[in-house]
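> this is a predicted model, with the sequence first.
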Amino acid sequence: MRLEQKWQALARETNGIVHTREAYLEVTKGLFEIEHGKILKHLEQYRLQLPSHYSDKLVCLMDIENCGLPYSSPINTVSIGSINGEFKVKTFFALDYSGEREILKRAWKIMRRADKVFSYNGKAFDMPRLLSRIKTHGLLVNGQSPIEKSLGGRHCDLYPIFKEMTREKGITLLDRKLQTLEQVLFNTFRGNEIHGADIPKAYHDFVYTSNEESISRMATIVNHNTLDVASLGACLEFLRQQGKEVLKDPINEGGITLLDRKLKTLEQVLFPILYTPDK
Amino acid sequence: MEKKQTEFKLESKRNVEQGERETRKKFGKFWIREHPSGSVTIFGNGIRGRGIYAPPKRAVIRRAKREYQTQGELSQTTRTYVKRWGLLNPQNPQKSLHSGLEVLQIQKYHPQAVRLSESDKAFRSFWKSHLIRTHDKKRLVHPSSRLPKIKDFEKKHTQEYQWITTNVGMYRFMEQRHPGLYYYLSEKTTIQSIDFNKLREEVLSLINSGVSVSKNYLGRSPEPSEKRVGRRIGTILKNREAFNSKPNYLPPEIKTFGGIVSYLSGIPQDRLRKEAESARDCGKLAEKFVECYVFLAIRAGYDPLNLNLSDIRKVSFKEPLQSVQEADISDPAWSTEVHFNNNHTRYTFGKNKQGIADGRVGDNLIEVKVGARKFTERYTKQVIEKYSPNGVWNDGTPISESILFLHQEPRFYESAKPAIINAGIRIIDFQQFHSAFSLLLNKTDHNYDLIQRVEPQVNIQALLAGHRNLNLENRMNLFCREGFSTQREWYEDMISGIIEEAIH
């Protein structure tokens, strides 16, 4: 199979568009194109819309897949979910190692102008790796590196918030995977998924060979990344609903006390974009 | 008694000298010979036998006046001429400047002619106080705006500048009028001018932009700003004890240049070294590119050392193309005569010195150079000695031609190019090689394509972009970093795959 044929085969499986010259694949999915068990139900149920007076704001959700744990390992997939009038997930996938620069450039372009960027375990994993790779490719203006400077404090990691929340419910999150949180919050389980540790090898196989198996495995990974971001959107919406409940009457609502203690912090983190009540 | 021949010669010489002496005139205690142009030659006691020459008065006067006006002082040559005229001063015949100026009637230049008040006036008109006060604010809006420098002052008010430097000193003079302005303008690296926070930002910026922060590079960088960072770190290293309090605090255990870079940047020193090691991988990769080209060209039926491929329309690897340079190139024996990095590339040069070439095509030597190393005089000599085609391969065959493939920006080797070519070494620059390589890859016959069979699958655009990374200095600075190791391996695998496919 020729190189272009291989790329087109992947594009067919993921419903994406191949950019041959820059060697990357772009998959764009709206709310109703995402097939994700009960998560979809949650996404539909919750209104992933910003309050009308914040319609000019852009909230992003971010997740990456890379080719190994070291910071020097390339990133192969970046998914960015954007909430601004409608919920949309854009997945950028590097079709080979040369495509990494382009996907980082495109993802960074969106994130840079976002008013808030949410991730799950992003502070420890995604953001440092993403910024390290962006730095390596020389894409940072003036070569400034710290996360705080680059995103100007607009990044928010949801993992510590959910960890605290679930602990108060009496549940301990066994690991930092988003799928674990999905099970806890939405009681859903994603089958037929590739383990995170196998992703580097699957990507390597995809770049080096051209058999059907490697293509279909890669399609699964790209899809997995898209679903991760969709799921992150559902988690965020869950948080918003919880927050609203607490805001209504924090004393009388004895059942929903989980956010009481952290409410101030949470408000500081999410406010004003998500916590300002609709007019 | 007969005179010897030598005695005749001496006598005739004496006669000539006697004749010459007759043209001399007595002038005070000296003898002078006047020339039609107005110049004189002076003879006499304490002056060398053939006399000393003093150019015409008017020429010396013109020269001296011009120099006083432009430079404020006389050059060494003019001083010598004026002093020589001083010997002809009737009142004070001495070889001195004072005496010479009297003879020539040139008014002596007095630095004191410019007074403090004039210097002060010039200073205040040059650096207007309200502009200095508002400059920082102005820079926020126009970052490129700058105050005029001390050098500019020297150019515009030469006499005032000289008065200040000889009588007061520029630093003291400026500090009395605008404290802090001297350090603000001065580019000299002093302990006081170093700000750790600023330097940290600069070092990080260099690292993040992919520039090497080694002592060697920063010390010799062609970029003044990079060189300045190197100088500042050097000053910190020399005066470690002075940096003992915040914000400019340096832990006492840090005693090396790399240690300071590591402390400032927050990157462990071993990782900084790894970055440097990665640069060597780039060198190997460049050799692989050349090797790949050579084998591909042979397989397509071209002379691998003739890079003029502009006339090709389609390259098929199935059968050798008919071409102008067909000759014996299609002979499969060629492939056995091409060697890269093995025992066949060992050779002897100079006085029994041993060398290993990057490649050997027939009896031709191939060497690939990559990176930002400048061809200095010393380095050029080394290159010429090592690769000039008078060496012998270790199997006894003489080297017929040496070819240097330079994957560098021309500014690094432009000055040394004529010397290298004169030494009989052929230079193939990056542009020439890259265009031939891309022609060969892009015009492959897709119906029967060698490249499509290679594993990993070859992305021709990416491969060519990777090759370009090795040339341009800015790209190379990024590409040679550790973060690109996976990508470099991938390129190497693709090239190795092509080579393997081309050979079999």
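Ah, there it is.

> any idea which element the closest residue to B:Phe126 other than its chain neighbours lies in?
Closest residue to B:Phe126 apart from its sequence neighbours, by CB to CB, 6 or more residues apart in numbering or on different chains: B:Phe153 at 5.4 Å. In short, each C-beta sits where N, CA and C put it, glycine included. In the assignment (DSSP states H and E), B:Phe153 maps to helix B:150-156.

> tell me the buried residues in that helix?
Using 16 or more other CB atoms under 10 Å in any protein chain shown as the test for burial, helix B:150-156 gives B:Ile150, B:Phe153.

> what's downstream of that helix, the next helix or strand?
Per DSSP H and E, the helix or strand that comes after helix B:150-156 is helix B:158-167.

> contacting residues around the helix or strand following that next one?
Going down the chain from helix B:158-167, the next helix or strand is helix B:170-177, by DSSP H and E. With CB atoms under 8 Å, 6 or more residues apart in numbering or on different chains as the test, helix B:170-177 has contacts from B:Ser119, B:Asp120, B:Phe123, B:Arg124, B:Ile150, B:Tyr161, B:Ile164, B:Leu181, B:Tyr182.

> find the nearest non-adjacent residue to the fifth one, please.
Okay, so that is B:Ile150. Nearest one to B:Ile150, counting by CB to CB, 6+ apart, is B:Leu185 at 5.6 Å.

> report the contact partners of the one you found.
B:Leu147, B:Lys149, B:Ile150 are the contacts of B:Leu185 under CB under 8 Å, 6+ apart.

> go ahead and confirm the last one touches B:Ser186.
The one in question is B:Ile150. Yes: using CB atoms under 8 Å, B:Ile150 is in contact with B:Ser186, at 6.8 Å.

> if we can go back for a sec, so which of the contacts of B:Leu185 is the closest to B:His344?
Nearest to B:His344 among the contacts of B:Leu185: B:Lys149, at 58.9 Å, using CB to CB.

> what's the burial count for the closest one?
Neighbour count for B:Lys149, taken as other CB atoms under 10 Å in any protein chain shown: 12.

> what about B:Met174, distance to B:Pro148?
Going from B:Met174 to B:Pro148 by CB to CB, to the nearest Å gives 13 Å.

> repeat that for A:Gln5.
In this view, A:Gln5 and B:Pro148 are 64 Å apart by CB to CB.

> swap in B:Lys288?
B:Lys288 is 52 Å from B:Pro148, by CB to CB.

> ok, B:Phe30 next?
Relative to B:Pro148, and taking CB to CB, B:Phe30 is found at 51 Å.

> so between those two, which is more surrounded?
B:Phe30 (20 against 13).

> phi, psi for the more buried one please.
Dihedral angles of B:Phe30 (phi, psi; degrees, to the nearest 10) stand at phi -110, psi 170.

> list the contacts for the nearest residue to it once chain neighbours are set aside?
Leaving aside its sequence neighbours, B:Phe30 sits nearest to B:Gly44 (CB to CB, 6+ apart; 3.7 Å). Going by CB under 8 Å, 6+ apart, B:Gly44 touches B:Lys29, B:Phe30, B:Trp31.

> let me have those residues in a markdown table, extended by pLDDT and distance to B:Phe243.
As requested, the contacts of B:Gly44 are arranged in a markdown table below (pLDDT from 0 to 100; distance: CB to CB, whole Å):
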| residue | pLDDT | distance to B:Phe243 |
| --- | --- | --- |
| B:Lys29 | 87 | 66 |
| B:Phe30 | 90 | 64 |
| B:Trp31 | 90 | 68 |
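
> for those residues, which one is nearest chain A?
Chain A has its nearest neighbour among the contacts of B:Gly44 in B:Phe30, at 71.4 Å by CB to the nearest CB.

> rewinding a little: got the contacts of B:Leu185 as a markdown table, with pLDDT columns?
Shown next, in a markdown table, are the contacts of B:Leu185 (pLDDT from 0 to 100):
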| residue | pLDDT |
| --- | --- |
| B:Leu147 | 80 |
| B:Lys149 | 85 |
| B:Ile150 | 88 |
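
> the lengthiest helix in chain B near chain A anywhere?
For chain B, the longest helix by residue count, based on DSSP state H, is helix B:269-300. No: between helix B:269-300 and chain A, judged by CB under 8 Å from any CB of the partner chain, nothing touches; the nearest distance is 9.0 Å.

> buried set for that helix?
Residues of helix B:269-300 classed as buried: B:272, B:275-276, B:278-279, B:281-283, B:285-300 (neighbour count, 16+ other CB under 10 Å).

> can you check stretch B:367-384 too?
For stretch B:367-384, the neighbour count (16+ other CB under 10 Å) marks B:Glu367, B:Val368, B:Lys369, B:Val370, B:Gly371, B:Ala372, B:Phe375, B:Thr380, B:Val383, B:Ile384 as buried.
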